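In: got a sequence here, can you model it:
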Amino acid sequence: MKALVTGANGFIGSYLAECLVREGWDVRCLVRRTSNLRWIQSLPTERVYGEVTQPDSLRAAVDGVQVVFHLAGLTKARRRQDYFAVNAEGTAHLLRACAESGDSLERFVLVSSQAAAGPSDGPTPRKEEDPPRPLTTYGLSKLRAEQIAREYADRLPITIVRPSAVYGPRDRDLLVLYRYAVRGWKPLLGRAPRLISLVHVSDLVRGIVRAATSERAVGQTYFIANPRPTEWGEFADAVARAVGRRARALVLPTWALYPAAWVSELAAWFAGRPATLNREKIREIRERYWVCSVDKAREELGFEAEVSIEDGVRETILWCLEQGWL
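Out: As a prediction, this is how the structure comes out:
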């Protein structure tokens, strides 16, 4: 089976490419000429250079493949239109290339995000059929990508996967939390519990592959996550335990995040890069419940998370220490 993986050099994409190679797939990676190929450099894969924002570069990428795993996208951007140009219109360009490439395609898997669905109203996990309410431009752009994919459902076999928050080796998004926790602190936004669905990257890629190979998944959308939501403080405690420490609570009031976001955005503007912390990110952080149900993935795909939070965090922290990231 020949597969195309877009965003193959990224955190999730590199793990997916590794998983596919290990399972005997013939893997083609779509990467930009400026991409850092560190994580896939040694993999026996074919590389095609192109970008989802450049439609002409996608014809060769999709030619002759049976499965497309579309992971390429922006999680941070300086301008609102950049999210939509890459995450939404880029998806449209890739779908159009697939539709024009012939009849070889057996599945198009769009890896979206829980951000497209938005947070749950309370501790009850959000389900796939619940009306989406994304809070950020990123979430809106991923939801638009889903809508575009569904518009092709009469021409292409589409499956949509919505990962929860993803963690594991190679990921930098949670480094700030890790750095606090290994020093014995757990930053908390207020004292009210905050629940979040998490998934280890190795569990996620197994779920993505199951979604791609299940006939039942055609036309369906699935959340992929660990079935047990995690309290944010518990996650920080697990990080601290991984280095033999005990984390003390560092309670931050919500209002304190806004000045920090302004400073981060101003510094990023001068540096010409996206801000790590911005006002939209605060909208997400303020929500107490980012929990989703994996019942559908379990029942229809046979998906089960195999990596416990404790084991996954320990592996991640030890890897980060080995890399000198902490």
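In: where does pLDDT dip in this protein?
Out: Counting by pLDDT under 70, the low-confidence segments of the chain come to 268.
In: helices of that one, start to end?
Out: For the chain, helices defined by DSSP state H occupy the ranges 11-22, 59-62, 80-83, 89-100, 114-117, 137-151, 175-182, 201-213, 232-242, 257-271, 279-286, 295-301, 309-323.
In: most packed of these?
Out: Sort these by mean neighbour count, taking mean count of other C-beta atoms under 10 Å, and helix 114-117 sits at the top with a mean of 25. C-beta: built from backbone N, CA, C; applies to glycine.
In: give me the distance from that one to the chain's centre.
Out: The gap between the average C-alpha position of helix 114-117 and the chain average comes to 10 Å, counting by C-alpha atoms, centre = their mean, to the nearest Å.
In: straight-line length of stretch 118-135, end to end?
Out: With C-alpha to C-alpha, to the nearest Å as the measure, the first residue of stretch 118-135 is 6 Å from its last.
In: list the buried ones in it?
Out: For stretch 118-135, the buried set under the neighbour-count rule, 16 or more other C-beta atoms under 10 Å, comprises 118-120, 125-126, 128, 132, 134-135.
In: give me the neighbour count for the residue nearest to residue 9 when sequence neighbours are not counted.
Out: By the measure of C-beta to C-beta, 6 or more residues apart in numbering, the closest residue to residue 9 outside its immediate chain neighbours is residue 35, 4.6 Å from it. Taking other C-beta atoms under 10 Å as the neighbour definition, residue 35 ends up with a count of 18.
In: mind checking how far residue 35 is from residue 292?
Out: The span separating residue 35 from residue 292 equals 30 Å under the rule C-beta to C-beta, to the nearest Å.
In: and the gap between the spatially closest residue to residue 90 that is not a sequence neighbour and residue 76?
Out: The spatially closest residue to residue 90, leaving aside those adjacent along the chain, is residue 52, at 3.2 Å (C-beta to C-beta, 6+ apart). Using C-beta to C-beta, we find residue 52 at a distance of 16 Å from residue 76.
In: the two: which has the busier surroundings?
Out: When neighbours are counted by other C-beta under 10 Å, residue 52 comes out ahead of the other of residue 52 and residue 76, with 25 against 15.
In: if I pick that one, what's in contact with it?
Out: When the contact criterion is C-beta atoms under 8 Å, 6 or more residues apart in numbering, the partners of residue 52 are 6, 30, 58, 72, 86, 90-91, 93-94.
In: ok, so of the residues you listed, who is nearest residue 266?
Out: Proximity of these to residue 266 was ranked by C-beta to C-beta; the top entry is residue 86 with 24.2 Å.
In: wait, isn't that closest one in contact with residue 72?
Out: Yes - counting by C-beta atoms under 8 Å, residue 86 touches residue 72, with 7.5 Å between them.
In: so which of those two has more stuff around it?
Out: Counted by other C-beta under 10 Å, residue 86 and residue 72 do not tie: residue 72 has more neighbours, with 26 against 20.
In: next, the contact list for that one, please.
Out: If you count contacts by C-beta under 8 Å, 6+ apart, residue 72 has them with 6-7, 10, 13, 30, 52, 86, 90.
In: equivalent analysis for residue 200, please.
Out: By C-beta under 8 Å, 6+ apart, the contact set of residue 200 is 166-168, 226, 305, 307, 312.
In: tell me what it is bridged to.
Out: When assigned by DSSP bridges, residue 200 has beta-bridge partners residue 167.
In: just the C-alphas of stretch 152-165, formatted as PDB.
Out: C-alpha atoms of stretch 152-165 as PDB (Å, rounded to 0.1, in the frame of the first residue of the first chain):
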ATOM      1  CA  TYR A 152     -15.600  16.000  -1.600                       C
ATOM      2  CA  ALA A 153     -17.300  13.100   0.100                       C
ATOM      3  CA  ASP A 154     -19.200  12.200  -3.100                       C
ATOM      4  CA  ARG A 155     -16.000  11.900  -5.000                       C
ATOM      5  CA  LEU A 156     -13.400  10.700  -2.500                       C
ATOM      6  CA  PRO A 157     -13.500   8.300   0.500                       C
ATOM      7  CA  ILE A 158     -13.000  10.800   3.300                       C
ATOM      8  CA  THR A 159     -12.200  10.100   7.000                       C
ATOM      9  CA  ILE A 160     -11.600  12.900   9.600                       C
ATOM     10  CA  VAL A 161      -9.600  12.400  12.800                       C
ATOM     11  CA  ARG A 162      -9.600  14.900  15.600                       C
ATOM     12  CA  PRO A 163      -6.800  14.300  18.000                       C
ATOM     13  CA  SER A 164      -7.000  15.700  21.600                       C
ATOM     14  CA  ALA A 165      -4.000  17.400  23.000                       C
END
